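Trainee: Sequence plus predicted model, see below.
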Amino acid sequence: MQLIRSLVFNVTMYVWMAVIGIVFAPWAIMSPDGARRACDIYARHTLWLLRVLTGLRTEVRGTPPTEAALVAAKHQSFLDILMIWVAMPRGFFVMKAILRFAPFLGAYALRLGCIPVHRGKRAEAVRMMLSEVRSGKRAGGQLLIYPQGTRVAPGVVAPYKIGTYALYEQLGQPCYPVATNVGVFWPKRGLLRKPGLGVVEFLDPIPPGLDRATFMALLNEKVETASNRLMAEAGFPIAETAPKPALPEVPDPVIKG
């Protein structure tokens, strides 16, 4: 029965995306505010449908930034994107370049000012992110980046990438770490959506001005420790001596340029 409910939700979620995308297209073309309003409505209604159809409730903990800031979040599924989007007043994302071609999603993301980067081309990705930030086109909002660069399933160890520090250094803004447990209920792959309480938690911000090694170690510690706590709260078994993701050993040359 839960699988059937999940299938109904999945179909409804994508149909709703198409409906919102079409209805708001004229406003979105004229103004980014139209695109933002469309995304707000889509995200909030999708979270409501998720609760009603599958029994998966959501909760945002901590204090999201309202000022210009960098947000570095654990990424486990599409659900954490929806929850973080709703929580931030003027967010935009660093996203995989291939998502530009996703129906509705790609066009709206670009209209909002999201930054597409090519996965697997680290130096090029960092250079592109820094170029967008230096241009001033992305000023005034909350820039969300996923430090591990992709969705990471609960219990899987993955390194934190140096691009997060490059943005932190360039922006000179506080960085808000974000932990989550949503992958326990909405997995990286698969159709089943499990009932429970999915949480994203905004942690105390990291102040600007730290060196690379200190920043990366602190970000890693904050996000992984809090995410493990949230996943254990959700019933996911967390090994007491679970290894931490390895930090990058050397920065890319473009970071200093």
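Mentor: Arrived safely, thanks for sending.

Trainee: quick one: low-confidence ranges for this protein?
Mentor: Along the chain, segments meeting pLDDT under 70 span 119-130, 132-140, 240-257.

Trainee: Mind checking which residue lies nearest the centre of it?
Mentor: By CA atoms, centre = their mean, the mean C-alpha position of the chain lies nearest to I81, the distance being 4.7 Å.

Trainee: Show me which positions of the helix or strand containing R51 end up buried.
Mentor: Under the criterion of DSSP states H and E, R51 resides in helix 32-54. The neighbour-count check on helix 32-54 (16 or more other CB atoms under 10 Å) flags 32, 34-36, 38-39, 42-43, 46-47, 50, 53-54 as buried. C-beta coordinates here come from the backbone N, C-alpha and C atoms, glycine included.

Trainee: Distance to G172 for those residues - can I get that in TSV?
Mentor: Shown next, in TSV, are the buried residues of helix 32-54 (distance: CB to CB, whole Å):
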residue	distance to G172
P32	24
G34	31
A35	28
R36	25
A38	32
C39	27
Y42	33
A43	29
T46	34
L47	33
L50	37
L53	43
T54	42
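
Trainee: just the residues you listed now: which is nearest L192?
Mentor: L192 has its nearest neighbour among these in T54, at 8.9 Å by CB to CB.

Trainee: nearest spatial neighbour of that closest one, skipping sequence neighbours?
Mentor: R193 (4.2 Å; CB to CB, 6 or more residues apart in numbering).

Trainee: Tell me, how many residues neighbour the one you found?
Mentor: Using other CB atoms under 10 Å, R193 has 25 neighbouring residues.

Trainee: Check K96 too.
Mentor: Per other CB under 10 Å, the neighbour tally for K96 reads 17.

Trainee: In contact with it, which residues?
Mentor: Residues in contact with K96 (CB atoms under 8 Å, 6 or more residues apart in numbering) are P116, V117, H118, R119, T150.

Trainee: need the contact list for the first one.
Mentor: Taking CB under 8 Å, 6+ apart as the definition of contact, the neighbours of P116 are M95, K96, A97, L99, R100, A109, L110, M128.

Trainee: Most neighbours of all those, which one?
Mentor: M95 (22 neighbours).

Trainee: That residue falls within a strand, correct?
Mentor: Yes. The assignment for M95 is a strand, going by DSSP: H, G, I helix; E, B strand; the rest coil.

Trainee: give me phi/psi at the nearest residue to it once chain neighbours are set aside?
Mentor: Once flanking residues are discounted, M95 sits nearest to C114: 5.1 Å by CB to CB, 6+ apart. Reported as degrees, to the nearest 10, the phi and psi values for C114 are phi -60, psi 150.
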